[in-house]
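1. Got a predicted structure here, sequence first:
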Amino acid sequence: QVQLVESGGGLVQAGASLRLSCVATGRTSSTYDMAWFRQAPGKEREFVIGINWSGGRSRYADSVKDRFTISRDDAKNTVYLQMNSLKPEDAAVYYCAAGQRRNTVATMASLYDYWGQGTQVTVSS
């Protein structure tokens, strides 16, 4: 079992940056592949970016390419989402997720076993 707690969301203007954090308690985060998903009002939860258990592979949605990066600090059991050049369409509740190790980083929400409560990101134009 692992518990995930996100933080770092807030209200920013378009073009600004934010860094989200996800702290894992219980089993260590290095046991899992980790990912960030987001869900805007009226839309389905979508994959944003993920990183495998070793940190050697990452995967991202085309919509965040060259703007978002993911990293992990297993000594702190923390995964980070660095978001740069934010756009109004990035506004959503962002969720941290943990799932079993796989050969490639999964993009389907159903393949992740543990979820945080989410943190709100609002981007004004």
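-> That came through, no problem.
2. for this structure, what are the low-confidence residue spans?
-> Within the chain, the ranges that satisfy pLDDT under 70 run 29.
3. Report the central residue of it.
-> Closest residue to the average C-alpha location of the chain: Trp36 at 2.1 Å, with C-alpha atoms, centre = their mean.
4. And that residue, how far from Ser125?
-> 23 Å (C-beta to C-beta, to the nearest Å). For the C-beta atoms, the positions are set from N, CA and C on the backbone; glycine is no exception.
5. Contact partners for the residue nearest to the centre of the chain?
-> Contacts of Trp36 were listed using C-beta atoms under 8 Å, 6 or more residues apart in numbering, and they are Leu20, Cys22, Val48, Ile49, Gly50, Ile70, Val79, Leu81, Tyr94, Tyr95, Cys96, Ala97.
6. which residue ranges form the strands in the chain?
-> Listed in chain order, the strands of the chain (DSSP state E) span 2-7, 10-13, 18-26, 33-39, 46-51, 58-60, 68-73, 78-83, 92-99, 114-115, 119-124.
7. out of the ones you listed, nearest to Met108?
-> Ranking these by proximity to Met108 (C-beta to C-beta) places strand 46-51 first, at 7.4 Å.
8. Report the separation between Ser63 and Thr107.
-> As judged by C-beta to C-beta, Ser63 and Thr107 stand 12 Å apart.
9. Likewise for Arg101?
-> On the measure of C-beta to C-beta, Arg101 and Thr107 end up 15 Å apart.
10. and the end-to-end length of stretch 40-48?
-> Using C-alpha to C-alpha, to the nearest Å, the end-to-end distance of stretch 40-48 comes out at 12 Å.
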